[in-house]
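Colleague: Fold the stuff below for me.
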Amino acid sequence: MRTWGLKRSENYGSAHVDERPLPVAAVDVSGDGRQVTLRVPGFAGTWCYSVEWAIRAADGSPVKGLLHGTLH
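Modeller: Purely as a prediction, here's the structure:
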């Protein structure tokens, strides 16, 4: 997991500002295996964050993903 800011200007796009990793302290999977809760100390409001995963499904097949978001 990573967080960063953006430099606001009249130009579209910006390099990442103050990018930093945030360690995931714990992962909880629901009993039915359909919901995952991440425990990330220090995760607070930010313009940008990303969470990336590469795991195996119950049948052993690979599952990869990347989520980007903003937390207000």
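Colleague: In this structure, which residue is most central in space?
Modeller: By Cα atoms, centre = their mean, the chain has its centre lying nearest to residue 51, at 2.2 Å.
Colleague: Can you give me the distance of that one to residue 68?
Modeller: Using Cβ to Cβ, to the nearest Å, we find residue 51 at a distance of 8 Å from residue 68. Heads up, the C-betas are built off the backbone N, CA and C, glycines and all.
Colleague: again, but for residue 33
Modeller: Counting by Cβ to Cβ - residue 33 and residue 68 are separated by 24 Å.
Colleague: next one: residue 26
Modeller: For residue 26 relative to residue 68 (Cβ to Cβ), the value is 22 Å.
Colleague: Same check on residue 37?
Modeller: Taking Cβ to Cβ, one finds residue 37 at 19 Å from residue 68.
Colleague: swap in residue 28?
Modeller: 22 Å.
Colleague: One more: residue 39?
Modeller: The value you get for residue 39 to residue 68, if Cβ to Cβ is used, is 20 Å.
Colleague: next one: residue 58
Modeller: For residue 58, the distance to residue 68 - Cβ to Cβ - is 26 Å.
Colleague: Out of these two, name the residue with the larger neighbour count.
Modeller: residue 68 (10 against 7; other Cβ atoms under 10 Å).
Colleague: Please report the distance of the more buried one from residue 32.
Modeller: Taken as Cβ to Cβ, the span from residue 68 to residue 32 is 26 Å.
Colleague: Strands along this protein, start to end?
Modeller: Counting by DSSP state E, the segments of the chain that form strands are 2-6, 16-21, 26-29, 36-39, 46-56, 62-71.
Colleague: got the angle between the fifth one and strand 2-6?
Modeller: If I follow you right, that is strand 46-56. Put simply, strand 46-56 runs at 150 degrees to strand 2-6, going by axes from the mean of the first three to the mean of the last three Cα atoms, to 10 degrees.
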